[in-house]
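Undergrad: my questions concern the predicted model and sequence given below.
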Amino acid sequence: MEVKSLFERAVEDSKTLSSRPSNETMLQLYSLYKQATEGDVNENAASTNPFDFVAKAKFEAWSALKGKPITEAQKEYINLINKLKG
């Protein structure tokens, strides 16, 4: 199977995990998903609310992946989901 198909399957699998991952893992999944589907973060996407800590954490996690190729982000997402399913 090609990476894109495996990624799409992993996204579906993420919705049926037997237990909810930790917040740290959820943030990692979020940032990998965004990088895999949209590429580099738009710097203007940062929340303007300084007290929106969740949005800030998500933005920073995604921003940390800047420059990572989409295919590589997809592979990392697939591997993480497979590990969580295991």
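TA: Structure received.

Undergrad: show residues contacting the least confident helix or strand in the chain by mean pLDDT.
TA: Lowest mean confidence among the helices and strands of the chain (mean pLDDT, DSSP states H and E): helix 53-63, at a mean of 93. The list of residues contacting helix 53-63 from outside it, by C-beta atoms under 8 Å, 6 or more residues apart in numbering, reads 27-28, 30-31, 34-35, 41, 43, 45-47, 49-50. Just so you know, the C-beta spots here come from the backbone N, C-alpha and C atoms, and that holds for glycine as well.

Undergrad: again, only this time at 7 Å
TA: For helix 53-63, contacts defined as C-beta atoms under 7 Å, 6 or more residues apart in numbering pick out 27, 30, 31, 34, 35, 41, 45, 46, 47.

Undergrad: neighbours around the second one, how many?
TA: Other residues within reach of residue 30, judged by other C-beta atoms under 10 Å, total 14.

Undergrad: report pLDDT for residue 48.
TA: Per-residue confidence (pLDDT) for residue 48: 76.

Undergrad: great, nothing more from me.
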